[in-house]
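> I need the structure of the sequence given here:
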Amino acid sequence: MAAALEDRAKRVFGDHYPEAVAFTDLLVEHGVERGLIGPREVDRLWERHILNSAVVAELLPRNCRVVDVGSGAGLPGIPLAIARPDLDLTLLEPMARRVAWLTEVVDTLGLRVEVVRGRAEEAAVRERLSGSDVVTARAVAPLERLAGWCLPLLRPGGRLVALKGESAAEELERDALAVRRAGGTRSRVTTCGGDVLELPTTVVLVERDEQASGRDGARRRRKDR
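Numbers count the residues shown, from 1 in each chain. All right, here's what the predicted structure looks like:
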């Protein structure tokens with residue numbers, strides 16, 4: 001790793017930089033073979049994936065409850081857990097082989113993280129993980145679907161933090177109605193990590209409407225009749 005990149009990584013991870021190195025080494029060694037990352041990503045893991053994920057920590061309140069939906073290779077969840085050990089973090093992933101990978105990483109690095117197999121839209125998952133403060137998602141789905149899956153996992157006033165690309169603003173404009181119908185409000189695009197990354201991480205933030213849980217309850221009561 002270049003000295004300048006190492007310095008930036010140490011600024012983000014602080015005393016937990018060795019764990020970030022260990023996670024990156026695991027991805028380099030096993031990521032392509034296990035179908036977690038593409039071959040071209042190996043040489044740009046730090047800039048495009050590890051730091052791109054970790055800088056989102058600046059958006060998360062201390063000691064909050066976070067669910068990383070569709071965690072996959074562990075992005076952004078594992079870098080967030082390393083950079084912010086105060087977080088109560090759950091990695092949610094539907095595929096068994098990826099759940100096995102995430103469990104291995106958590107055990108190897110000694111992280112205080114729970115790994116759950118399932119999908120955000122499943123009733124059992126919603127019952128188990130609802131009331132969270134923050135839900136993160138990276139390269140999972142368009143906002144139209146993501147909002148419907150993720151917002152029910154949040155407490156009223158909780159926040160969806162969706163890592164997106166350069167077209168985030170256009171995607172939010174396109175899917176704004178679907179986001180509102182799913183119970184989203186105060187949606188906006190922001191960036192983070194501008195002092196660390198050459199290309200800051202683009203994030204769409206969506207709050208769960210304070211009245212959403214009441215509407216959800218009313219819908220459930222109508223279905224039960």
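> now do the same contact list for G77.
S53, V66, D68, S71, L89, L91, L102, V113, T136 (C-beta atoms under 8 Å, 6 or more residues apart in numbering). From N, CA and C alone the C-beta is placed, and that goes for glycine too.
> which residues does the first one contact?
The contact partners of S53, by C-beta under 8 Å, 6+ apart, come to L75, P76, G77, I78, P79, L80, R138, L163, T201.
> quick check: I37 is in a strand.
No: I37 is assigned coil when assessed by DSSP: H, G, I helix; E, B strand; the rest coil, not a strand.
> what's the offset of stretch 129-149 from the middle of its chain?
Centroid separation for stretch 129-149 versus its chain: 8 Å, with C-alpha atoms, centre = their mean, to the nearest Å.
> what about that stretch, how long is it end to end?
Start-to-end span of stretch 129-149 (C-alpha to C-alpha, to the nearest Å) is 12 Å.
> just the buried positions in that stretch, please.
129, 132-138, 140-141, 143-144, 146-149 (16 or more other C-beta atoms under 10 Å).
> with stretch 181-200 instead?
Of the residues in stretch 181-200, A182, G183, G184, S187, V189, C192, G193, V196, L197 count as buried by neighbour count, 16+ other C-beta under 10 Å.
> reformat these into TSV and put pLDDT next to each item.
Shown next, in TSV, are the buried residues of stretch 181-200 (pLDDT from 0 to 100):
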residue	pLDDT
A182	96
G183	97
G184	97
S187	96
V189	98
C192	96
G193	96
V196	93
L197	94
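> between those residues, which is nearest A9?
Ranked by distance to A9 (C-beta to C-beta), these are led by V196 at 8.4 Å.
> host element of L160?
strand 154-164 (DSSP states H and E).
> now that strand: buried residues?
Result for strand 154-164 [16+ other C-beta under 10 Å]: buried residues L154, R155, G158, R159, L160, V161, A162, L163, K164.
> go on, stretch 81-99?
81-84, 87, 89-94, 98-99.
> okay, and which of the residues you listed map to helices?
The helices, defined by DSSP state H, take in A81, I82, A83, R98, V99 from the buried residues of stretch 81-99.
> so the third one makes contact with I50?
No: between A83 and I50 there is no contact, the gap being 9.8 Å when judged by C-beta atoms under 8 Å.
> mutual contacts of those two, please.
In contact with both A83 and I50: A20, using C-beta under 8 Å, 6+ apart.
> name the SS class of the residue nearest to the spatial centre of the chain, please.
Geometric centre of the chain, nearest residue: T136, 2.8 Å, by C-alpha atoms, centre = their mean. Following three-state DSSP, T136 is assigned to strand.
> report the contact partners of it.
Taking C-beta under 8 Å, 6+ apart, we find T136 in contact with V56, V66, V67, D68, V69, P76, G77, L80, V161, A162, L163.
> let's go with 7 Å and repeat that
The neighbourhood of T136, defined by C-beta atoms under 7 Å, 6 or more residues apart in numbering, consists of V56, V66, D68, V69, P76, G77, V161.
> before we move on, what about R188?
The neighbourhood of R188, defined by C-beta under 7 Å, 6+ apart, consists of L205.
> wait, a helix at it?
No: with three-state DSSP as the criterion, R188 is assigned strand and is not in a helix.
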